[in-house]
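Colleague: Pasting the sequence and the predicted coordinates here, then a few questions.
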Amino acid sequence: MNKIVIILLMAAMMAGCRKNEVPLVNGGLPEERIMERLAELRGKLTGAENGWMASLTTTAGGGYGFYMKFGADEKVSMMGDLSEDAATQSQTSTYRVKWVMNAALLFDTYNYITLLQDPDPKVSGGKAGSGLKSDIEFEYIRSSGDSVILQGKKYQNYLYLVKATAAQATDYQQGTVVDRMEAIQDYFEDHFNNYINIDGLPNKISFIVNDDKRLSFQYADAKDSIITIDGKFNFDVSGINFSEGLVVNGIQFKKGALTGSTLKLYDAGGKEYTVSQNPTPVIPLKLLFAYNKTYNTILIGSATLPAGVTSGFNSVFNGMVSRFVASSRSIDSVRIVFSNSTQGLLEIRYKSGTTAFQAALSFSYVLKDGVLTLADYAPVLNGTSSNWTSRIDQIGSFDQWIRSGPFKIDWVASAGSGGKILGGLYKVSDPSDFYYGDLRKR
C-alpha cells in the first residue's frame, strides 16, 4: 500500500515540474497568442493614416456609414450618415481593444455608434428599450488588404472597415456625405418605378429604396414567380454603399452613385448598370394582386379620385359623389377587396352628419391570367336591411358599372400621382373605362 502512495506522489511531483509543457497554440503559448492578436487589431486600427470608411447594418433598422480615425491614445474621432449634424460634425470618444474569447473592439463612451442602440425611440427611431438593436462591442474576425471585418457580440451584425484614401478623408471632413445624401434623397422623390436590366434575365428588375435605408431588387422569373432580394445600405462620399452586397442572378451589387441626373449601380467587378424609370411598376400587377399576395385592395380614399387619370369611370364616380352630397351625406372611401380565394366585397363608406355607415355589395369571382370575372352579386345585410339597397338611388350607375365586367387587373399610370402606386380594373370590352385607386393590403 505504501508503495502505491509513493508512486502516486512521485507522479504528481513530476507533473508539477513540467510547467513549460503546456500545449502550444499556433506555435506559441496561449497568452502569447492573445497578446499578438490584440496587438494585431490595435495596430491595424491605429495604422490607417487617413482613417477608415466604416459600414454597419442594424437588426431593427437599415445600414449606417461612418468615417473613423483611431488614435494610439484610445480615442476615436467619428462622423456618420445618421443625420446632417453627424455627417458634418466630428465627435471624439474613447475605445478599447480587449480580449473576450477573442480580440474585440469596444466603444466605451457615447458616440454615433452607441446612439444606434439608444433605448429612446426619439433618438434613433428604434424600438423602446432596444433602439435599432445594434452593438458597441465587436469581435475581430479577420483582415485582408486594406479591410478589417468585425462582428457584433450580441446582434451579430458585421462592422466593415476599409482604409480611406487622403481624398476620401478630406471629403468626409468637408461634409461631402451630406451632399450625397441630399442628392440621392432628392432623386428618389421625383424618380418612380425605378429598374435595371441584367443580361440573362428577360424581365426588368425593380429597384426599390425605402426611407429607412433598406432596399430591394424584385423581378418576375420565367415561371412568373416573384423573386425578391432585400438588403440595407448606407451613404458614403461616393453615394450609396451595400456593405454586404446584394446578389441578383449571381451578380453582386456593391455601390450606387449619381452621375449628373442619372443613378448608376456597380457590381463587385465594377460593371455599371443604369437605373431607368417606367411609367408604371415593372412587375405585372396580376402577379402581385390576390387575396394572399402583396395587394388585395383597390382603394379610393376620399370623395376625390387620384389626380391625372382619364377614365370613363370618372363620370360614374363623380356622379355618385354628387348624389350622396345632394342627400346630405358624404363619401369617405370606396374599396374593392378580395376577402379570400373566391369571395370579394365592394364597400362604400359614408357619413350622414357625424354618423358613419357602410353600403356593401358582396360577389364571387374567378381570377385567371389577370382577368377578373364577377358573379353572384348580393347586398350585404345590416341586421334585416341593406344600406346598399337603401342607398341605391345615390349609388346609381356605379351599381351597373361593377356588374359590367369582366375586368383586367393592371397598373394605372398617372403623372399627377406623385409616385403613388395605382391599380385598376379595366373593362375587357372597353379598356378606357376603368375603376382605379391606391393599392393596399387589407
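Modeller: Noted; the coordinates are in hand. Numbering: from 1, shown residues only.

Colleague: mean confidence for the longest helix belonging to the chain?
Modeller: Secondary structure of the chain per DSSP state H: the longest helix is helix 30-46. Helix 30-46 comes out with an average pLDDT of 94.

Colleague: CA atoms only for that helix, dumped as PDB, please.
Modeller: C-alpha atoms of helix 30-46 as PDB (Å, rounded to 0.1, in the frame of the first residue of the first chain):
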ATOM      1  CA  PRO A  30      -1.900  30.900 -25.300                       C
ATOM      2  CA  GLU A  31      -1.000  34.100 -23.500                       C
ATOM      3  CA  GLU A  32       1.500  35.000 -26.300                       C
ATOM      4  CA  ARG A  33      -1.100  34.400 -29.000                       C
ATOM      5  CA  ILE A  34      -3.600  36.600 -27.100                       C
ATOM      6  CA  MET A  35      -1.100  39.400 -26.900                       C
ATOM      7  CA  GLU A  36      -0.300  39.000 -30.600                       C
ATOM      8  CA  ARG A  37      -3.900  39.000 -31.600                       C
ATOM      9  CA  LEU A  38      -4.700  42.200 -29.500                       C
ATOM     10  CA  ALA A  39      -1.600  43.900 -30.900                       C
ATOM     11  CA  GLU A  40      -2.600  43.000 -34.400                       C
ATOM     12  CA  LEU A  41      -6.100  44.500 -34.100                       C
ATOM     13  CA  ARG A  42      -4.700  47.600 -32.200                       C
ATOM     14  CA  GLY A  43      -2.000  48.100 -34.900                       C
ATOM     15  CA  LYS A  44      -4.400  47.800 -37.700                       C
ATOM     16  CA  LEU A  45      -6.900  50.300 -36.200                       C
ATOM     17  CA  THR A  46      -4.300  52.900 -35.500                       C
END
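
Colleague: Could you give the separation of that helix from the chain centroid?
Modeller: Its chain's average C-alpha position is 37 Å from that of helix 30-46, according to C-alpha atoms, centre = their mean, to the nearest Å.

Colleague: tell me the secondary structure for residue 139?
Modeller: strand (DSSP: H, G, I helix; E, B strand; the rest coil).

Colleague: cool, and residue 104?
Modeller: Each residue gets one of three states, and residue 104 gets strand by three-state DSSP.

Colleague: Show me what the longest helix of the chain packs onto, helices and strands only.
Modeller: Contacts of helix 30-46 with other secondary structure elements, assessed using 3 or more C-beta pairs under 8 Å, 6 or more residues apart in numbering; DSSP states H and E, are made with strand 91-99, strand 103-107, strand 137-144, strand 147-152. To be clear about C-beta, it is placed using only N, CA and C from the backbone, and glycine gets the same treatment.

Colleague: what's the angle from that helix to strand 103-107?
Modeller: Between the axis of helix 30-46 and that of strand 103-107 there is an angle of 50 degrees, by axes from the mean of the first three to the mean of the last three C-alpha atoms, to 10 degrees.

Colleague: Quick one: work out the angle between helix 30-46 and strand 91-99.
Modeller: With the same axes, to 10 degrees applied, the angle from helix 30-46 to strand 91-99 works out at 160 degrees.

Colleague: Could you look up the next helix or strand downstream of helix 30-46?
Modeller: strand 52-57 (DSSP states H and E).

Colleague: now the closest residue to residue 377 other than its chain neighbours: how far from residue 410?
Modeller: Spatially, and ignoring its direct neighbours in sequence, residue 377 is nearest to residue 363 (5.1 Å; C-beta to C-beta, 6 or more residues apart in numbering). Relative to residue 410, residue 363 is positioned 20 Å away (criterion: C-beta to C-beta, to the nearest Å).

Colleague: sorry, back to before: just say helix, strand or coil for the residue nearest to residue 377.
Modeller: Three-state call for residue 363 (three-state DSSP): strand.

Colleague: tell me the contacts of it?
Modeller: With C-beta atoms under 8 Å, 6 or more residues apart in numbering as the criterion, the residues that contact residue 363 are 343-346, 374-378, 402.

Colleague: related to what we said a few turns ago, would you convert the helices and strands packed on helix 30-46 into TSV that also reports mean neighbour count, mean pLDDT and distance to residue 249?
Modeller: Below are the helices and strands packed on helix 30-46 laid out as TSV (neighbours: other C-beta atoms under 10 Å; pLDDT from 0 to 100; distance: least, C-beta to C-beta, whole Å):
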stretch	mean neighbour count	mean pLDDT	distance to residue 249
strand 91-99	16	97	40
strand 103-107	20	98	36
strand 137-144	15	97	26
strand 147-152	20	98	26
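
Colleague: Dump these to JSON lines, plus distance to residue 226.
Modeller: Supplementary listing: the helices and strands packed on helix 30-46 in JSON lines, determined by distance: least, C-beta to C-beta, whole Å:
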{"stretch": "strand 91-99", "distance to residue 226": "43"}
{"stretch": "strand 103-107", "distance to residue 226": "40"}
{"stretch": "strand 137-144", "distance to residue 226": "34"}
{"stretch": "strand 147-152", "distance to residue 226": "32"}
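
Colleague: Now do the domain split for the protein, please.
Modeller: Following the assignment in automatic domain parsing, the chain carries domains at 30-173, 177-283, 286-440.

Colleague: Quick one, grab the pLDDT at residue 122.
Modeller: In this prediction, residue 122 carries a pLDDT score of 87.

Colleague: Contact partners for residue 154?
Modeller: Listed by C-beta under 8 Å, 6+ apart, the contact partners of residue 154 are 135, 137.

Colleague: next one: residue 287
Modeller: Contacts for residue 287 were tallied using C-beta under 8 Å, 6+ apart; they are 220, 224, 226, 293.

Colleague: Please pick the buried ones from those residues.
Modeller: In terms of neighbour count (16 or more other C-beta atoms under 10 Å), the buried residues within the contacts of residue 287 are residue 220.

Colleague: and which of the contacts of residue 287 is nearest to residue 115?
Modeller: In terms of C-beta to C-beta, no member of these lies closer to residue 115 than residue 226, at 36.3 Å.

Colleague: Just the buried subset of the contacts of residue 363, please.
Modeller: Using 16+ other C-beta under 10 Å as the burial test, these include 344-346, 374, 402 as buried.

Colleague: Ramachandran coordinates for the nearest residue to residue 112 once chain neighbours are set aside?
Modeller: For residue 112, the nearest residue in space outside its immediate sequence neighbours is residue 80; the separation is 4.1 Å by C-beta to C-beta, 6+ apart. According to degrees, to the nearest 10, the main-chain angles of residue 80 amount to phi -150, psi 170.

Colleague: ok, how many other residues are close to residue 80?
Modeller: If you count neighbours by other C-beta atoms under 10 Å, residue 80 ends up with 27.

Colleague: Roughly how far does it sit from residue 121?
Modeller: When distance is defined by C-beta to C-beta, residue 80 is 19 Å away from residue 121.
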